[in-house]
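Chemist: what's the 3D shape of this:
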Amino acid sequence: MTWLDLPPDTGFGLDNLPLGVFSRDGGAPRTGVRIGDLVLDLWESSSEPEHGTGSLNAFLARGPEAWRHLRERLRSEFTDEAYRGALEPFLVPVDQVTMHLPVEVGDYVDFYGSKAHAENVGRRFRPDGEPLTPNWRHLPIGYHGRAGTVRVSGTPVVRPSGQRGPGDFGPSQRLDIEAEVGFVVGAASEPGTPVPVGRFEDHVFGVCLVNDWSARDLQAWEYVPLGPFLGKSFLTSVSPWVVPLAALEAARVAPPPREVPLLPYLDDADQPWGLDVTLEVRHNGELISRPPFAGHYWTAAQQLAHLTVNGANVRTGDLFASGTVSGPEPGQEGSLLELSGTFLDDGDVVTISATAPGLGGGRISLGEVTGRVEPAPVP
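Modeler: The predicted model follows:
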């Protein structure tokens, strides 16, 4: 129970408590925690300096013990009437705040972890061959994206221009979405020291939603032999609230059965990190797909282990994304390429939201990430 008057169906109850960065009335950005339809100003209510930096990085760098302590403190304060008078002055309606990018992103990596998505795309690109590449079942395929174009939900999606084929330059005609789940690194790792699957929780603070917008025509022409570049680097949108891993404990599930034996560094039999998260994709307000994340072949713990197995380190604020989330059934596709073969027009609005089982038996919300397509600039 809580002394707060929360909506009965809120996805932002005591089980959730996501962190984000907000401002109000032109003030400086600071850290907040969402509870129901309110935001608690952690900078004003606690005066802890890391909450006034305009980024979650300083707090996340303190590591898992600090994350647990804050969560326990907030749950205690929101349930004990004795704290009501001290906290109420620092609670702000969520519709009166402006949300900002929650972290300073140092590195961004995008994976390709959904078997259904990889098969759907492979069948389109290689109709007469095996849809999965020979390495796909053996390792989490990924690529390094552009951290500087990771932006918060609501940032306009300016249609990118580039080469669409030999001698053909212009605005992308095949602008697409990619519905993904993102993972935010809190505690850094040491260079040269891999992060095993069993240490996932020591380094990853929480989860957000990602739309990794894709210009399929630019991508198709440029990606051989080195992979995605301009077709992916123009914008990656993320949701403003980062849901702690601790809030997703009830959503943990076993990943799908492995189709080839795993190398020891990817063996997660004792540390399953599948997550029963259901995404919803809306195009101009209409629900068009419900991708299930529970069936994702490669888990985030395996992706982090693979990302670091060569000695690469992760830093506070780093973001890595699951890859497009798609399921095996119609209506579970995470991209328009798979769903309809049609693409986005100027003015289209795409919103991705998600929920997961909560610790109290209800469902928690991962918020939403949205973007409106704007025309390409006139040369």
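Chemist: now do the helices in the stretch 101-250 of the chain.
Modeler: Assigned by DSSP state H, counting those that start in this stretch, the helices in the stretch 101-250 of the chain fall at 115-125, 200-203, 216-222, 230-233.
Chemist: of those, which is nearest Arg73?
Modeler: helix 200-203 (19.3 Å; CB to CB). Just so you know, the C-beta spots here come from the backbone N, C-alpha and C atoms, and that holds for glycine as well.
Chemist: report the buried residues of that closest one.
Modeler: Buried residues in helix 200-203, defined by neighbour count with 16 or more other CB atoms under 10 Å: 200-201, 203.
Chemist: nearest to Asp37 among these?
Modeler: Ranked by distance to Asp37 (CB to CB), the buried residues of helix 200-203 are led by Glu201 at 29.6 Å.
Chemist: how close does the closest one sit to Ala354?
Modeler: According to CB to CB, to the nearest Å, Glu201 and Ala354 sit 20 Å apart.
Chemist: who's in contact with Val157?
Modeler: By CB atoms under 8 Å, 6 or more residues apart in numbering, the contact set of Val157 is 175, 213, 235, 237, 371-374.
Chemist: same question but for Val39, I mixed them up
Modeler: So Val39 contacts 20, 22, 32-33, 91-94, 97 (CB under 8 Å, 6+ apart).
Chemist: mind checking how far it is from Arg146?
Modeler: 30 Å.
Chemist: then Pro194?
Modeler: Relative to Arg146, and taking CB to CB, Pro194 is found at 25 Å.
Chemist: need the buried residues of helix 200-203 in a markdown table with distance to His283 and pLDDT, can you?
Modeler: Listed next are the buried residues of helix 200-203 as a markdown table, based on distance: CB to CB, whole Å; pLDDT from 0 to 100:
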| residue | distance to His283 | pLDDT |
| --- | --- | --- |
| Phe200 | 33 | 98 |
| Glu201 | 35 | 98 |
| His203 | 35 | 98 |
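Chemist: closest one of those to Leu262?
Modeler: Using CB to CB, the buried residues of helix 200-203 come closest to Leu262 at Phe200, 15.4 Å.
Chemist: report the contact partners of the closest residue to that closest one other than its chain neighbours.
Modeler: If the residues on either side of it in the chain are set aside, Phe200 comes closest to Ala301, at 3.9 Å by CB to CB, 6 or more residues apart in numbering. Neighbour list for Ala301: 197, 200, 268, 271, 273 [criterion: CB under 8 Å, 6+ apart].
Chemist: which SS state does Ala301 fall under?
Modeler: helix (DSSP: H, G, I helix; E, B strand; the rest coil).
Chemist: residues near Gly52, how many?
Modeler: Applying other CB atoms under 10 Å, we find 17 other residues in the vicinity of Gly52.
Chemist: so what pLDDT did it get?
Modeler: pLDDT recorded at Gly52 is 97.
Chemist: same question, the one 3 residues further on
Modeler: Note on Ser55: pLDDT of 98.
Chemist: so who does it touch?
Modeler: So Ser55 contacts 21, 29, 101-104, 317 (CB under 8 Å, 6+ apart).
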